[in-house]
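A.B. asks: Sequence first, then the predicted structure:
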Amino acid sequence: MQKKNSLKEQLDAINEYERQPIPKNKLKSWGSFIGIYAGEHTAGTEFVLGPLFVAHGASAMDLVTGLLVGNILAVLSWAFFTGKISVKTRLTLYYQLEKIAGSKFSLVYNLVNAGLFCFLAGAMIAVSATAVGIPFNIAMPTLTDILPNSLGWVVTVFAIGAITTVVAMFGFNQVSKFANIAAPWMIMIFIAAAVGVLPRLGINSLADFWPVAESKIWTGIPLEGQSKFTFWHVMFFAWFCNMAMHIGMADMSLLRYAKKWQYGFSSASGVFLGHYIAWIASGILYSLFLIESNNSLTFAPGPIAYEAAGIAGAICVVIAGWTTANPTLYRAGLAIQSINPKWKTWKVTLFVGLITTIAACFPALVMRLLEFVALYGLILMPLGAVIFIDVYVLEKMGLKSNYAELKNSKFNPAVAITWAITLIVCVFLNIFGGIEIFFLGLPGWFIAVLVYVVSSKLIQKPLPTGIKSQSKPTTILSN
């Protein structure tokens with residue numbers, strides 16, 4: 001057989017098993033998941049989210065305790081929700097949902113899903129661009145910027161976007177390898193930078209830390225124009241900032257490669273290094289920036305890290321953006337590819353990368369990241385509840401799993417009803433009940449469960465004799 005030498009041939013040869021279970025000989029060990037979670041969650045978002053807790057006036061005690069409880073709940077969600085279902089089905093979220101909801105519904109969902117992932121990846125590309133632009137004196141975005149503020153900014157974003165897209169085009173293996181290489185170095189930079197600036201904040205011993213943390217870093221007083229965050233804001237945000245990935249089941253696309261469902265606990269490497277240590281570290285860096293810049297509205301992770309750790313800090317921001325954007329683009333590519341299985345995943349990822357890079361030009365993605373992350377998790381959460389109930393509960397109630405597949409239907413009304421009613425109720429609770437978006441995920445999940453069970457009971461009709469549900473554990477294929 002002729003050796004595949006061209007780039008196109010290598011890309012065409014990549015098989016991501018978009019519509020079949022992962023073969024047994026392709027399953028990955030703990031190391032792959034520890035690395036990819038550490039890389040994805042000790043990443044560009046941490047340079048944004050950590051400082052935003054400072055801007056929103058979280059107190060030191062609320063931050064430390066809220067992050068601890070919220071991150072524990074997030075890890076448990078990854079393991080017991082996503083991990084178990086991923087190993088049981090070995091399928092992507094997108095194909096599993098198609099079996100339940102039908103191809104017509106999946107088309108709408110996949111477009112929404114891919115679009116939201118593109119915006120998140122775009123925010124991370126923008127984070128990297130703030131560091132790349134330092135030597136060129138490019139004007140950096142501020143907390144109030146919405147539109148691109150210079151041609152140099154756009155050019156820088158497109159350069160970063162091109163590199164990020166190329167890595168994602170090569171599939172899960174390359175995304176995982178990139179994360180494993182980058183993650184250990186990044187967390188050390190986060191820690192070293194934060195420790196290095198402590199004397200500039202007046203912290204010269206361990207005994208100095210907590211008093212200074214309460215008086216200068218997490219003061220409990222929000223910046224002008226920012227809302228006040230409490231323990232509950234911090235806890236629920238730490239739990240639900242990745243709601244789309246765990247409760248929303250998007251990480252089925254990653255954990256379907258796991259040998260055991262317990263590999264879902266490897267998410268701890270990301271959330272406790274990234275969503276705990278790195279958020280604290282970046283908050284320290286931002287508080288120093290605010291003090292030394294007289295509360296400047298400039299919000300650019302690159303210059304903030306550069307001021308604290310020099311070139312190493314700036315490089316860390318660049319790579320941190322990549323390690324979040326890469327797997328996010330990978331997921332977005334799978335979402336679009338599932339619309340038409342004949343499309344090559346790498347070509348779809350190339351297209352998705354272009355859309356993502358265009359979105360990254362708009363600084364508002366970064367400045368409103370807290371709200372956006374909460375919103376995109378809330379939008380995708382009801383379908384995670386649908387998958388959970390469909391896999392584990394419906395048959396015990398005498399109903400059928402994978403109903404669209406069994407009925408050879410392109411549309412399962414029960415799923416659409418669940419999605420629509422859940423989001424409508426959440427909007428009502430937000431507007432008329434005064435419940436902030438950060439808190440809606442928990443009641444929203446139970447609403448989705450109730451609506452899906454009731455609507456499935458009303459819609460499902462007896463299947464012809466001899467037809468049984470196909471939702472039993474799928475036999476793992478071998479090459």
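C.D. replies: Sure thing, it's come through. Numbers count the residues shown, from 1 in each chain.

A.B. asks: so where does the spatially closest residue to residue 459 that is not a sequence neighbour fall, helix or strand?
C.D. replies: Using C-beta to C-beta, 6 or more residues apart in numbering and skipping the chain neighbours, the partner closest in space to residue 459 is residue 414 (4.8 Å). (Each C-beta comes from the backbone N, C-alpha and C, glycine too.) Residue 414 is part of helix 413-431, with elements assigned from DSSP states H and E.

A.B. asks: Check which helices and strands that helix sits against.
C.D. replies: helix 93-101, helix 103-132, helix 369-392, helix 441-459 (3 or more C-beta pairs under 8 Å, 6 or more residues apart in numbering; DSSP states H and E).

A.B. asks: Next, the angle helix 441-459 makes with it.
C.D. replies: 150 degrees (axes from the mean of the first three to the mean of the last three C-alpha atoms, to 10 degrees).

A.B. asks: Contacts for helix 413-431, please.
C.D. replies: Outside of helix 413-431, the residues within contact range by C-beta atoms under 8 Å, 6 or more residues apart in numbering are 97, 100-102, 105, 109, 378-379, 381-383, 385-386, 403, 435-437, 440, 443-444, 447-448, 451-452, 455-456, 458-460.

A.B. asks: run the last query once more with 7 Å
C.D. replies: Among residues not part of helix 413-431, those counted as contacts by C-beta atoms under 7 Å, 6 or more residues apart in numbering are 100-101, 105, 378-379, 382-383, 386, 435, 437, 440, 443-444, 447-448, 451-452, 455-456, 459.

A.B. asks: excluding its backbone neighbours, what's nearest the residue nearest the centre of the chain?
C.D. replies: By C-alpha atoms, centre = their mean, the chain has its centre lying nearest to residue 242, at 5.1 Å. Closest residue to residue 242 apart from its sequence neighbours, by C-beta to C-beta, 6+ apart: residue 74 at 6.2 Å.

A.B. asks: Same question for residue 352.
C.D. replies: Using C-beta to C-beta, 6+ apart, the closest residue to residue 352 is residue 332 (4.7 Å).

A.B. asks: can you confirm the residue nearest to the centre of the chain is in a helix?
C.D. replies: No. Assigned with DSSP: H, G, I helix; E, B strand; the rest coil, residue 242 falls outside any helix and is coil.

A.B. asks: Write the PyMOL selection for whichever of the contacts of helix 413-431 are buried.
C.D. replies: This is the PyMOL syntax for the buried subset of the contacts of helix 413-431, where burial follows 16 or more other C-beta atoms under 10 Å:
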select buried, resi 100+101+105+378+379+382+383+386+437+440+444+447+448+451+452+455+456
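
A.B. asks: all helices for the stretch 151-300 of the chain, in order.
C.D. replies: 151-169, 172-197, 206-212, 231-240, 252-255, 268-272, 279-292 (DSSP state H, counting those that start in this stretch).

A.B. asks: looking at these, which is closest to residue 218?
C.D. replies: Ranking the helices of the stretch 151-300 of the chain by proximity to residue 218 (C-beta to C-beta) places helix 279-292 first, at 6.7 Å.

A.B. asks: count of neighbours near residue 88?
C.D. replies: By the criterion of other C-beta atoms under 10 Å, residue 88 has 18 neighbours.

A.B. asks: Residue 90 too?
C.D. replies: Residue 90: 25 neighbours (other C-beta under 10 Å).

A.B. asks: Residue 281 now?
C.D. replies: So residue 281, with other C-beta under 10 Å, has 25 neighbours.

A.B. asks: if we can go back for a sec, next one: phi and psi at the residue nearest to residue 352?
C.D. replies: phi -60, psi -40 (degrees, to the nearest 10).

A.B. asks: From residue 90, how far off is it?
C.D. replies: 21 Å (C-beta to C-beta, to the nearest Å).

A.B. asks: How about residue 369?
C.D. replies: 33 Å.

A.B. asks: same thing with residue 238?
C.D. replies: Relative to residue 90, and taking C-beta to C-beta, residue 238 is found at 29 Å.

A.B. asks: Kindly report the same for residue 300.
C.D. replies: 42 Å.

A.B. asks: Give the full set of residues in contact with residue 452.
C.D. replies: 385, 386, 389, 414, 418.

A.B. asks: hang on, isn't the third one packed against residue 451?
C.D. replies: Right, residue 389. No. Shown here, residue 389 and residue 451 do not form a contact pair, counting by C-beta atoms under 7 Å, at 10.1 Å.

A.B. asks: which one is residue 64 nearest to, not counting chain neighbours?
C.D. replies: Of all residues not flanking residue 64 in the chain, residue 280 sits nearest, at 7.7 Å (C-beta to C-beta, 6+ apart).

A.B. asks: The one you found: how many residues sit nearby?
C.D. replies: Neighbours of residue 280 under the rule other C-beta under 10 Å: 22.

A.B. asks: What ranges in the stretch 101-250 of the chain fall below the confidence cut-off?
C.D. replies: Within the stretch 101-250 of the chain, the stretches with pLDDT under 70 are 136, 139-145, 168-184.

A.B. asks: Correct me if wrong: residue 94 contacts residue 335.
C.D. replies: Yes. Assessed by C-beta under 7 Å, residue 94 is found in contact with residue 335 at 5.6 Å.

A.B. asks: Which one's more surrounded, these two?
C.D. replies: Neighbour tally, residue 94 and residue 335, criterion other C-beta under 10 Å: the higher count belongs to residue 335, 27 against 24.

A.B. asks: All set now, cheers.
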